[in-house]
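Peer 1: Make a model of this:
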Amino acid sequence: MGVSLAGLGTRVIVIDADIAMPNVGLLLGEDKINKTYHDYIAGHSSIEEIIYEGPGGLKFIPGSLTLDNIAEIDTTRVVELIDYLKHRFDFILIDTAPGISRETAVVLESADNTFLVVNPEISSVVDSLKIKVYVEMKERSIKGIILNRTNIYQIHSPSEIDESEDEIPDEDIKNILESSIYGRVPEDRIIKKASFQRVPAVLLEPSANASVFFKSIASKIAGYEYDFEYQQKVSDKSSLLKKIISLFSIRKNKNENKN
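Peer 2: Prediction:
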């Protein structure tokens with residue numbers, strides 16, 4: 001999402017605020033990380049020391065992969081960090097752990113907008129419900145739900161879904177969380193591939209289904225129009241072309257083996 005927003009020409013920074021299981025630095029392919037979010041909130045680093053250049057014009061603040069500073073968290077420094085960044089970036093995306101913790105609570109209280117990123121499964125919905133209750137208790141509001149790893153038919157043709165599929169329907173999620181669906185990202189093999197190669201999906205395969213939906217949501221957040229139907233046609237044609245190329249490659253290899 002951060003790379004998609006940066007691609008629109010906005011100033012974007014991603015903060016990995018998952019204290020126990022940070023992974024943003026790894027997923028963005030950054031190996032040379034000296035100072036982290038953990039170091040800053042423990043009082044061992046300055047803000048400038050923990051900001052890194054990411055792909056696609058993105059900046060990010062990684063979390064620490066060690067547990068050295070996990071007991072030294074000063075939540076007041078989290079508020080100071082966010083206040084500092086608000087004057088320098090158009091968008092600050094903060095990735096937190098599921099559910100509610102002391103650290104997550106501070107982030108939620110400092111955020112201007114909160115999105116519930118929900119997988120269509122019961123554990124994810126329950127975690128999101130806890131966050132929603134806390135946000136509203138602090139007299140703030142939820143911007144909307146972003147459904148993650150959904151069945152592609154749930155997006156385009158709900159009637160085609162196999163009833164045996166283990167996926168909570170959109171309407172049930174909306175009713176439980178009492179929020180509207182802001183956007184969806186379908187289950188897509190490109191996400192696993194991008195994680196393995198440590199390259200954002202929207203850069204690795206811009207026309208992949210998940211990439212198209214990421215860019216659609218980013219455009220909506222930034223207030224830009226996005227030609228979703230056109231991009232979906234491009235994505236579908238790209239997928240078909242890859243299947244044809246793959247088929248010819250298989251046949252070619254079979255013929256070479258025969259010879």
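Peer 1: Could you pull out the strands in this structure for me?
Peer 2: Using DSSP state E, the strands found in the chain span residues 12-16, 52-53, 59-61, 91-95, 114-118, 142-150, 181-186.
Peer 1: Got the phi and psi for residue 111?
Peer 2: Dihedral angles of residue 111 (phi, psi; degrees, to the nearest 10) stand at phi -80, psi 140.
Peer 1: any idea how far residue 77 is from it?
Peer 2: 16 Å (CB to CB, to the nearest Å). Backbone N, C-alpha and C define where each C-beta goes, glycine included.
Peer 1: swap in residue 29?
Peer 2: 27 Å.
Peer 1: So for those two, which residue has more residues nearby?
Peer 2: Ranked by neighbour count (other CB atoms under 10 Å), residue 29 and residue 77 place residue 77 first, with 16 against 12.
Peer 1: wait, isn't that one in contact with residue 45?
Peer 2: No - between residue 77 and residue 45 there is no contact under CB atoms under 8 Å: 10.1 Å.
Peer 1: Any stretches of the stretch 101-250 of the chain with poor pLDDT?
Peer 2: 152-165, 227-250 (pLDDT under 70).
Peer 1: redo that, cut-off 50
Peer 2: 160-164, 230, 234, 237-238, 240-241, 243-247, 249-250 (pLDDT under 50).
Peer 1: just the helices in it please.
Peer 2: Under the criterion DSSP state H, counting those that start in this stretch, the stretch 101-250 of the chain carries helices at the ranges 102-110, 122-137, 152-156, 170-177, 189-197, 201-204, 209-222, 228-258.
Peer 1: what's the angle from the first one to strand 114-118?
Peer 2: Same thing as helix 102-110. Angle, helix 102-110 to strand 114-118, by axes from the mean of the first three to the mean of the last three CA atoms, to 10 degrees: 130 degrees.
Peer 1: okay, and the common contacts of residue 77 and residue 45?
Peer 2: With CB atoms under 8 Å, 6 or more residues apart in numbering applied, the contact sets of residue 77 and residue 45 do not overlap.
Peer 1: Report the separation between residue 194 and residue 109.
Peer 2: Taking CB to CB, one finds residue 194 at 32 Å from residue 109.
Peer 1: When those two are compared, which one has more neighbours?
Peer 2: residue 194 (21 against 15).
Peer 1: Name all residues that make contact with that one.
Peer 2: Residue 194 makes contact with 27, 200-201, 204-205, according to CB under 8 Å, 6+ apart.
Peer 1: go again using 7 Å as the cut-off
Peer 2: 200-201, 204 (CB atoms under 7 Å, 6 or more residues apart in numbering).
Peer 1: Looking at these, which is nearest residue 101?
Peer 2: The closest of the contacts of residue 194 to residue 101 turns out to be residue 200 (CB to CB; 26.8 Å).
Peer 1: I figured that closest one hits residue 4, correct?
Peer 2: No - applying CB atoms under 7 Å, one finds residue 200 not in contact with residue 4, separated by 8.4 Å.
Peer 1: Please identify every residue contacting each of those two.
Peer 2: Residues within reach of residue 200 and of residue 4 at once, by CB under 7 Å, 6+ apart: there are none.
Peer 1: Can you list the buried residues in stretch 7-15?
Peer 2: With burial defined by 16 or more other CB atoms under 10 Å, the residues of stretch 7-15 counted as buried are 7-8, 10, 12-15.
Peer 1: ugh, wrong one, stretch 118-133
Peer 2: Neighbour-count burial for stretch 118-133 [16+ other CB under 10 Å]: 118-120, 124-125, 127-129, 131-132.
Peer 1: Fine by me, we can end here.
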